[in-house]
Every structure is written in C-alpha cells, then in structure tokens.
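> What follows is a predicted protein model with its sequence.
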Amino acid sequence: MTTRRSHLALVSAALIAALPGLARAATVEVPAGGLATALAAAAPGDVLRLLPGEHAGPVTIDRPLTLEGAKGAVVRGDGKGVVVTVTAPDVILRGLEITGSGLDLERMDAGVRLEKSAVRARVEGNRIVDNLIGVHVNGAPDSAVRDNLIEGRRDRRVNERGNGVWLWNAPGAVVERNEIAFGRDGIFVTTSRKNAFRDNLMHDVRFAVHYMYTNDSEVSGNRSIRNDLGYALMFSSRLKVLSNLSDGDREHGILLNYANDSLVQGNVVRDGGEKCVFIYDANKNRILENRFEGCGIGVHFTAGSERNVISGNAFIGNRTQVKYVGTRWLDWSYQGRGNYWSDNPAFDLDGDGIADTPYRPNDLVDQILWTQPLAKLLLNSPAVQLLRWAQSQFPALYPGGVVDTKPLMRPVDTALAVATAERAR
C-alpha cells in the first residue's frame, strides 16, 4: 500500500510539473503601491490579495487570476480612462473598492471594463463608487456582476452620468443582487441576448432597467425605488419580466415599447406618479397576474398594440384605470378570466368569482376629456351626467375601447410580487 501511495504521489507531481500554470499558482499578498508589479509577475491562477491602503490604477489584467482585497484595500484611478480593465478569461475581482475613473462618456470611462476576451469574468462583492460608469461589460460572454455596491457621481447631472452596469453584446451575462444608485440608468443593455438581471435594488437613477435590442432574457425579482422610470423594455423580444417591484417611480413603472412575445407576470407597480404601465406598439405579450396600484393611470394602452393577453391583473385605486383612445373593441379577458378592478361596483350572484356584468373602464366622457382637456370644466354639469346615464341604459352608445367581459371579484394572489414589495418597505 505504501509503495502504491508513493507511486501516486510521483504521478501527481509529474502532472503538476507538466502544467507550469498550476505548479506556480499561489496566493500573493500585495502591499499598497505594489499592484502593477504584482500583476506583471503573476502566473495564471494566482490570487493577488491586496492589503489595506491605496493601490494605483489604471491597471489591465491580461491573464486569468483572482484580484481580491482585504478590508480597506482601494484601487484608485488617476481620473482618466478605466480603473481596472480585464482582457483575460476567468478573472475574478472581489472584495475591492474601485474608484477614480475618467469622466468622458464618449470613451466609456468606467470603474471596471470587461472586454470581449474576458469570458466568464466575475465581479463580486466590491464597492465600485464615484466612477462615470460602474461596470462596462463590453462583449464579455457568460460574465457575472453580483453582490456589488455601485454608486455613480453625485456631483454630475443625470444625463452627464454613466450607467451603473452597461452591457453590450454579452450573451449569457448575469447581473444579480447588486445595489445600484446615482447613475443615469441602473442597468442598461443593448444588442445582446440570453441575459439575466435578478434581485437587484436600484434607486435614485433615471431608469432602473433599460433594454434595447436584447432578446431571450430575464428580468426578475428586482426592486426599483424612486426612479424616473422602473423597467423600460424597448425593441426587444421574448423577455420574461417576473416578480419585480416598482415603488414610487415618477413616470412609468413598466414601459413596453416595441417589446414583443414577452411574459410580464407577478409584478407590483405601486404609488407611481404618472402611469403604472405604458404599452406602445407592443405585440403578442402576456400580461398576467400583476398588481397596478395608486398611479395616475393604471395602463396607457395605445393603438398599434395587437394580440396581447391581459388577464388576472389587479387594478387598484388608480385615478384612471385605463387610457385607450381608439375605435376598436378590446376584450381584456382570456379563457373566461378577466381582471380585478377596484372601482367596479359589480355583483356575483352565482358565486363563481366572476362579476355578472362586463366592466368598461372608460366611457364617451373619458374620450372627450382626453381629446379636449378644457371639457373638464363641464364634468359635473347635468349634460355630462345625462350622457353617462344614457350610456348605462343603452350600451351601444359606448365608444370602442377596452371591455373586460369576465371581471374578477377579488384580486389574484400575486404572492411572489407581494413578498418582493414587502421586503422593500
């Protein structure tokens, strides 16, 4: 047995000797001021552990290794360009504070840049603060940005800031469990596919999540708090938008603009300023079991949006539940199941959970008010009251628009979305 073990040890040693990268892999403690020298001497697979203090950037990581920081380790740029650029595959950045990028948006100055060759890069558990762009994923496939605090420059106007995480053409990239604040957009992605943005908290930005030309991707479990807009999904297809929260976003909670063939389910939009949801030229989407509450308009739905399924949602306490100006009839029920409307004074005599009469969120008076705002002066006049009474007696007088033929008597249980909302309180 001893002879066999000795033989195995000799074979293992020979294999290690034949793989120089593995033979030399080591953990190296790097004192303040020694980062550039340590990177130049590092072997693939090494762990460079930065000791407390300031380590000068900008630096480029051109071989697979781990760069991690002890508490108090800061990588500080010189105010020009990118602080940490990664060009090698399988690089890990963790436990660092990264700060001091340049301020040139045309050059995409950033705290961290993952180039196309940085396949499977990991940016984890860092403080990435006071940079123009937090993390720029510049084509790095299968990369991950997770568990970071990313804060932009508070001393610049919103349109002069960069995005917290900026992705371009990075299939398979994941952005999860980050807190992102004080940038232009929290997460901005363009011309990509198969990305996942999960469980991020984004506040004090313009758009929490901004999609452009990105397909087959997921946005789930995120929280957008006090932003101009929560989730702007534009020119993208086959998205899964699941169990997100928009709380106090000033313009829209969710915007679908040329977003097609997507599933929007179990989300909560509450206490918004203008619109809970704005659907503009978006087609063949399934909008199911969401909660839209306390907005000026529950859903603004424009002509040109076709073949959408809108069912199982709860519209609660919006000043106007639906704004739709058009001549076509749209039935917002699907397979015998409509939506819940908090202002629907309906009865359910057979107890099946479906109201006995259809619900129409808008009437001819609403159409007049949207096209002729000065008509609000006549809102309480006898003529307007007579018109509304006549419509209730003769439904044929109703204009084209939204009708829910199977309205629900109770809001559906959006358990995942409500749990997400409660965590944000």
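Thanks, I have it.
> And stretch 313-328, end to end?
Chord length of stretch 313-328, first to last residue, is 21 Å (CA to CA, to the nearest Å).
> Enumerate the positions of it that are buried.
Taking 16 or more other CB atoms under 10 Å as the basis for neighbour counts, the residues of stretch 313-328 that come out buried are 313, 314, 315, 316, 318, 320, 321, 322, 323, 324, 325, 326. All C-beta atoms are positioned from the backbone trio N, CA, C, and that covers glycine.
> what's the answer for stretch 214-226, then?
Taking 16+ other CB under 10 Å as the neighbour-count basis, stretch 214-226 is seen to contain the buried residues 214, 215, 217, 218, 219, 220, 221, 222, 223, 224, 225.
> Quick check: chain neighbours aside, which residue is closest to the third one?
Ranked by CB to CB, 6 or more residues apart in numbering and with sequence neighbours excluded, the top spatial neighbour of residue 217 is residue 195, at 4.4 Å.
> What count of nearby residues applies to the one you found?
Neighbourhood size, residue 195 [other CB atoms under 10 Å]: 23.
> ok, now how distant is it from residue 151?
When distances are taken as CB to CB, to the nearest Å, residue 195 and residue 151 turn out to be 22 Å apart.
> Helices of the stretch 251-400 of the chain, residue ranges please.
Secondary structure of the stretch 251-400 of the chain (DSSP state H, counting those that start in this stretch): helices located at 364-371, 382-393.
> right, and the helix or strand after the last one?
So that's helix 382-393. Following the chain from helix 382-393 toward its C-terminal end, the next helix or strand by DSSP states H and E is strand 402-403.
> ok, and the closest non-adjacent residue to residue 354?
Nearest non-adjacent residue to residue 354, counting by CB to CB, 6+ apart: residue 406, 5.1 Å away.
> didn't the one you found look like it was pressed against residue 333?
Yes - at 4.0 Å, residue 406 counts as touching residue 333 under the criterion of CB atoms under 8 Å.
> Below-threshold pLDDT in this structure: ranges please.
1-24, 303, 325-327, 362-400, 414-425 (pLDDT under 70).
> let's see it at 90
1-25, 158-159, 272-273, 301-306, 319-320, 323-330, 343-351, 357-403, 412-425 (pLDDT under 90).
> Now residue 115. Its backbone dihedrals?
Here the main-chain torsion angles of residue 115 (degrees, to the nearest 10) amount to phi -80, psi 170.
> Just to check, it is in contact with residue 84?
No - under the criterion of CB under 8 Å, residue 115 makes no contact with residue 84, lying 11.4 Å away.
> between the two, who's got more neighbours?
When neighbours are counted by other CB under 10 Å, residue 115 and residue 84 differ, and residue 84 comes out ahead with 27 against 19.
> And that one, how close does it get to residue 90?
On the measure of CB to CB, residue 84 and residue 90 end up 15 Å apart.
> what's the answer for residue 177, then?
21 Å.
> again with residue 319
The span separating residue 319 from residue 90 equals 53 Å under the rule CB to CB.
> what do you get for residue 267?
Using CB to CB, one gets 35 Å for the distance from residue 267 to residue 90.
> who has more neighbours, those two?
Set side by side, residue 267 and residue 90 show unequal neighbour counts under other CB under 10 Å, the larger going to residue 267 at 32 against 16.
> so who does that one touch?
With contact taken as CB atoms under 8 Å, 6 or more residues apart in numbering, residue 267 is in contact with 241, 242, 243, 244, 245, 246, 253, 254, 290, 291, 414, 417.
> Find the nearest non-adjacent residue to the first one, please.
Right, residue 241. That would be residue 264: by CB to CB, 6+ apart, it lies 4.5 Å from residue 241.
> Could you give the number of residues near the one you found?
28.
> Ok, residue 350 next?
When neighbours are counted by other CB under 10 Å, residue 350 registers 8.
> and if you look at residue 248?
Around residue 248 there are 17 other residues, counting by other CB under 10 Å.
> And the one 5 residues further on, by the same measure?
Residue 253 is surrounded by 33 other residues when neighbours are defined as other CB under 10 Å.
> Look up how far residue 342 lies from it.
Taken as CB to CB, the spacing of residue 253 relative to residue 342 amounts to 17 Å.
> And residue 255, by the same measure?
23 Å.
> Neighbour count: these two, which is higher?
Comparing residue 255 with residue 342 by neighbour count (other CB under 10 Å), the higher total belongs to residue 255, at 23 against 13.
> ok, the more buried one - contacts?
Contacts of residue 255 were listed using CB under 8 Å, 6+ apart, and they are 229, 231, 232, 233, 234, 277, 278, 280.
> one more time with 10 Å
The neighbourhood of residue 255, defined by CB atoms under 10 Å, 6 or more residues apart in numbering, consists of 207, 210-211, 229-234, 275, 277-280, 282, 300.
> Just the buried ones from these, in PyMOL syntax?
Listed next is the PyMOL selection for buried residues among the contacts of residue 255, using 16+ other CB under 10 Å:
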select buried, resi 207+210+211+229+230+231+232+233+234+275+277+278+279+280+282+300
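> quick one: which of the contacts of residue 255 is nearest residue 350?
Each of those was scored against residue 350 by CB to CB, and residue 277 proved nearest at 31.3 Å.
> distance of the closest one from residue 252?
7 Å.
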